[in-house]
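J.: fold the stuff below for me.
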Amino acid sequence: MPTKEEWKKQLVDNAEQQILNLTDSDKFKNYLNTVAKFHRYSARNIDLIYSQNPEATQIAGFKQWKNDFNRSVNKGEKGIRIAAPMIKKLTPEDQKRLDTTKEKAIVGYRYIPVFDISQTSGEPVLSAKDFVKEKFSGS
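T.: Residues are numbered from 1 along each chain as shown. You can find the predicted model right below:
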C-alpha cells in the first residue's frame, strides 16, 4: 500500500499523464469542455477532475450535496479527489517571520473527495438554462 505522499504523487502524475495523452482532437474537445464547466477551479484541480471522471458536469462535496442541493451521494460511490488549501491563522511571530501583515496563509494542500451530480440522487438541480426558462418564459 502506498504512503500518503506516494498516493498524492501518483494522483497528480496520473492527472498530468491524462493531459499529455490529449492528442486525439475529440479527447481534447472533451477536456476543453471540462475546463469550461469548472472555470472556478484551479488548473491542477481541473486536471484532477478530468483524469478521474472526464464526464463530470457538476461537482460538490458530500455535505454540500446534502445541505445545498437536497441530494445524497449514492452508496458505494468513489469520490473525485481534488486539492483543497489548508489555511492557518498567522501569529504575530509568523507574520514577522514571513514579512507579511496578512492574518491567514495557505500552509499546504489536502486531497478531498467531491462527487459529480451523476453520483447523487435526490431533488433535481436547476441549470442556468432551466433557471432562465423558469424565470423568463412569460408564464
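J.: now do the contacts for the nearest residue to K89 once chain neighbours are set aside.
T.: Of all residues not flanking K89 in the chain, K104 sits nearest, at 5.6 Å (CB to CB, 6 or more residues apart in numbering). C-beta here means a position set from N, CA and C on the backbone, and glycine is covered the same way. K104 makes contacts with 87-90, as judged by CB atoms under 8 Å, 6 or more residues apart in numbering.
J.: now, these that are in strands?
T.: Among the contacts of K104, the members falling in strands are 87-89 (criterion: DSSP state E).
J.: count residues in the vicinity of I117, would you?
T.: By the criterion of other CB atoms under 10 Å, I117 has 17 neighbours.
J.: shouldn't it be in contact with L126?
T.: No - counting by CB atoms under 8 Å, I117 does not reach L126; the two are 11.7 Å apart.
J.: now do the helices in the chain.
T.: 4-20, 25-37, 43-52, 62-69, 92-98, 128-136 (DSSP state H).
J.: give the pairing partners of the longest strand seen in the chain; include direction for each.
T.: Scanning the chain for the longest strand, with DSSP E as the assignment, gives strand 104-116. Using DSSP bridges, the strands paired with strand 104-116 in its sheet are strand 59-60 (antiparallel), strand 80-89 (antiparallel).
J.: let me see the mean pLDDT of it.
T.: The average pLDDT within strand 104-116 is 95.
J.: that strand vs helix 62-69, what angle?
T.: 70 degrees (axes from the mean of the first three to the mean of the last three CA atoms, to 10 degrees).
J.: can I get the CA coordinates of strand 104-116 in CSV?
T.: The C-alpha trace of strand 104-116 is given here as CSV (Å, rounded to 0.1, in the frame of the first residue of the first chain):
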residue,chain,number,x,y,z
LYS,A,104,-4.1,33.9,7.3
ALA,A,105,-1.9,31.9,4.9
ILE,A,106,-2.1,28.7,2.9
VAL,A,107,0.2,26.2,4.6
GLY,A,108,-0.4,23.3,2.3
TYR,A,109,-3.0,21.3,0.5
ARG,A,110,-5.0,18.2,1.3
TYR,A,111,-6.9,16.0,-1.2
ILE,A,112,-10.6,15.9,-0.5
PRO,A,113,-13.4,13.9,-2.2
VAL,A,114,-16.0,15.6,-4.3
PHE,A,115,-18.8,13.9,-6.3
ASP,A,116,-20.3,14.5,-9.7
